[in-house]
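Participant: Show me how the following folds:
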Amino acid sequence: MNEMSRQSIVWEPSEELIKQSNLVAFMADHGIADYDTLMRRADEEPEWWWNAIAGRLRFMKPYEKIMDLSRGIEFPEWFVGGTTNIVENSLDRHRGTEVWKSPAVLGESEGGETRIWTYEELSAEVSRLAAGLQSLGVQPGEVVAIYMPNVNEAVAALLAVPKIGAVVMPLFSGFGVDAILARLTASEAVAVLTVDGATRRGQTAPMKEFADAAAIRAPSVRNIVCLRRTGYPVTMGEKDVDWEELCKGQPTDMPNAEMPAEAPALLVYTSGTSGQPKGTVHTHGGFPAKLTLDLGLMMDMKSSDRIIWFSDMGWLVGPLLAFGATLMGASFVIADGAPDYPDSTRMWRLIDDHRVTFLGVAPTLIRGFMHGAGIGNNDISSIRLVVSTGEPWTPDAWWWTFKNVLKSGGPIINYTGGTEIGGGILAGSVLRPMKACAFSGPVPGMGADIVDMDGHPVGPNNVGELVLRNPSIGLSRGLWKDNERFLDSYWRDIPGCWRQGDWAVQDEEGFWFVLGRSDDTLKIAGKRTGPSEIEALLTATGKVREAAAIGIPDEIKGESVVCVVVLDKDAVPGAAVEKELSDAVIAGLGYPYRPKFILTVADLPKTRNMKVMRRLVRAVCLGKPLGDTSSLVNPEALDVISEAAVQSGHMTKAEENL
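Facilitator: Sure, this is the predicted structure:
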């Protein structure tokens, strides 16, 4: 039994909070007596449930049927015959309401410049950029990449691309050239929207320069649109377009393209345990429907909320805010740079300055403040709830947040799912009691369960695989141009179930806990990354023959990268080559991926079909039990890794993090 599941209930919602919640209003609208009835009906009557959720959206042409399962649970068709545009629901629904003149985006640069855009102003910026992209020949269904830091224009870009029916692909602003190129190539993107440079911790780093270096090797890219904001020198060639010039004179009220509700609107790449990054596909109807459920009902987001959720526009949180907070008519703060620079409590100061009511965090972020400056002298009493996602909590970080941020008086809405889910599988709720580090239960309608590898429920207090038994309106519509990989990645391991790849347990009182990944995927600072991306950077140096990238526990980031490598015969072991390899990883994926250490060994453990067993590499480096090693063709490699780890002193360092 998981020790966390022995926790007692530490918070219960007040009658006033329950009465004012979005969920209670929703249940009243549908004649549902209580939350347990809602959960049961959502799982047993999926067509009723998703019709109820979709009924909160706007459609240009009404759909004839909410769900068609004729192609199987893996490939349902939603909103049959219906048309819409995701921007219709995120922006245009607010025309003529009080929301239209209220703040949508409150952007602050690292230097302290604040720019506030109302919904009306955001809509005008989106319209001008959309018309500009259309003038460049961008067509419906083509992919446009967004490689930008957290600036107001990044929000406009995320909305402008699907407004004309094209597919927006956000990229992490810290990606190096190789990571950008892989995604441009796989998606066949036709344009990149970027900036001259990005400011972080007082330094300005190039962005267009990286986009140029990737785009020159991506033949599908026709244009690079550059926003001049930092003065960082850039080269403008024949493919390059100045952002301001592109938008000048364009209309502020361009209509939204009418799209089939199942047409792709958003392409977000996520990494698996092997192969290239996987392109998850979210649609004009499906993504806002899932956001309506997750943000509006589970997280209780309201138009009166002011939100801050420090993340990057290239991860799922960016689209959650750009499409979801706007869907709710809320205001959100985006801040360029770091949460603890130029002052060590910057995030808390922003909360104080803007009277933020809704705080999104990752446990990694909280651990940084716990071991740093804390909250400082900032008044954060405006916060009414905290939402946490990205990785499992450690109890010390959870309690620090509950006591110091919420003063033990508000809920932490624990939320887990992923890019492929389009949101969450499990969540807390303002209607349910709370235990430390726990989830109140599944998001309604998802059919979540905890099972063994044969698909049998494991029952309370037993650890198993987190799965979905029902189709969900928010799930990725396959993988971009690779549905076989979609089936292999999620549907074929456990019959009839979507396998999430997380270990989970449910206690006797119905609270759920997620214990971590059940596969080889790394989560660095809450961001899921496949080992193959890191290993490819290592081998590309020409100094590495084979590599295994693993994650080990890290007090601040949740996980740190460790690289165990077999050097090429001409490479000389030692500090110089280790630095070169470390620099290659940083250049390709960004500084958060800097290896905590690199071990040089003679061989890596492999199965008989020559698959590297990263699970065993990780176990050795952490001094954990190895379990079954009978499938290895070279079990002696484990002893070699163990000896190298002990001799280098890194075995002890890893064990201290357990």
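
Participant: quick one: average confidence on the longest helix that the chain contains?
Facilitator: Taking DSSP state H as the criterion, the chain has its longest helix at helix 119-135. Averaging pLDDT along helix 119-135 gives 98.

Participant: distance between that helix and the chain's centre?
Facilitator: Relative to the mean C-alpha coordinate of its chain, helix 119-135 is positioned 26 Å out (C-alpha atoms, centre = their mean, to the nearest Å).

Participant: So which elements touch whichever helix or strand comes after it?
Facilitator: Per DSSP states H and E, the first helix or strand lying C-terminal to helix 119-135 is strand 143-147. For strand 143-147, the packing partners by 3 or more C-beta pairs under 8 Å, 6 or more residues apart in numbering; DSSP states H and E come out as helix 152-163, strand 167-171, helix 177-187, strand 191-195. Glycine gets a C-beta too; all of them are placed from N, C-alpha and C.

Participant: now do 6 Å
Facilitator: strand 167-171, strand 191-195 (3 or more C-beta pairs under 6 Å, 6 or more residues apart in numbering; DSSP states H and E).

Participant: how big is the angle separating the longest helix of the chain from helix 152-163?
Facilitator: Using axes from the mean of the first three to the mean of the last three C-alpha atoms, to 10 degrees, the inter-axis angle of helix 119-135 relative to helix 152-163 is 60 degrees.

Participant: what sits up against helix 119-135?
Facilitator: 91, 94, 99-100, 104-105, 156, 159-160, 163-164, 246-247, 250-254 (C-beta atoms under 6 Å, 6 or more residues apart in numbering).

Participant: C-alpha coordinates for that helix, CSV please?
Facilitator: Coordinates of each C-alpha in helix 119-135 appear next as CSV, following Å, rounded to 0.1, in the frame of the first residue of the first chain:
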residue,chain,number,x,y,z
TYR,A,119,-10.6,40.8,-25.1
GLU,A,120,-11.4,43.4,-27.7
GLU,A,121,-7.8,44.3,-28.2
LEU,A,122,-6.7,40.7,-28.2
SER,A,123,-9.3,39.9,-30.8
ALA,A,124,-8.0,42.8,-33.0
GLU,A,125,-4.4,41.6,-32.7
VAL,A,126,-5.5,38.1,-33.6
SER,A,127,-7.5,39.3,-36.6
ARG,A,128,-4.6,41.4,-38.0
LEU,A,129,-2.1,38.6,-37.7
ALA,A,130,-4.5,36.0,-39.1
ALA,A,131,-5.1,38.2,-42.2
GLY,A,132,-1.4,38.7,-42.5
LEU,A,133,-0.8,34.9,-42.5
GLN,A,134,-3.5,34.4,-45.0
SER,A,135,-1.8,37.0,-47.3
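
Participant: ok and that helix relative to strand 143-147, angle-wise?
Facilitator: Going by the same axes, to 10 degrees, helix 119-135 makes 130 degrees with strand 143-147.

Participant: Name the residues of helix 119-135 that are buried.
Facilitator: By neighbour count on 16 or more other C-beta atoms under 10 Å, the buried set for helix 119-135 is 119-134.

Participant: What is the nearest of those to Met207?
Facilitator: Leu129 (17.5 Å; C-beta to C-beta).

Participant: Check the gap between the closest one and Glu188 for me.
Facilitator: 21 Å (C-beta to C-beta, to the nearest Å).

Participant: just checking, which of the contacts of helix 119-135 belong to strands?
Facilitator: Taking DSSP state E, the ones among these that sit in strands are Ala104, Val105.

Participant: Select only the buried ones of the contacts of helix 119-135 in ChimeraX?
Facilitator: Buried subset of these, written as a ChimeraX selection, criterion 16+ other C-beta under 10 Å:
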select :91,94,99,100,104,105,156,159,160,163,164,246,247,250,254
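
Participant: Next up, the contacts around the residue positioned nearest the centre of the chain.
Facilitator: By C-alpha atoms, centre = their mean, the mean C-alpha position of the chain lies nearest to Leu316, the distance being 3.3 Å. Applying C-beta under 6 Å, 6+ apart to Leu316 gives the contacts Thr419.

Participant: where does the nearest residue to Tyr119 once chain neighbours are set aside sit relative to Ile334, distance-wise?
Facilitator: Once flanking residues are discounted, Tyr119 sits nearest to Ala104: 4.5 Å by C-beta to C-beta, 6 or more residues apart in numbering. Per C-beta to C-beta, Ala104 is found 11 Å from Ile334.

Participant: same deal with Met446?
Facilitator: Distance from Met446 to Ile334, by C-beta to C-beta: 29 Å.

Participant: average pLDDT across the host helix or strand of Val620?
Facilitator: Taking DSSP H and E as the definition, Val620 sits inside helix 614-622. Computed over helix 614-622, the mean pLDDT rounds to 87.
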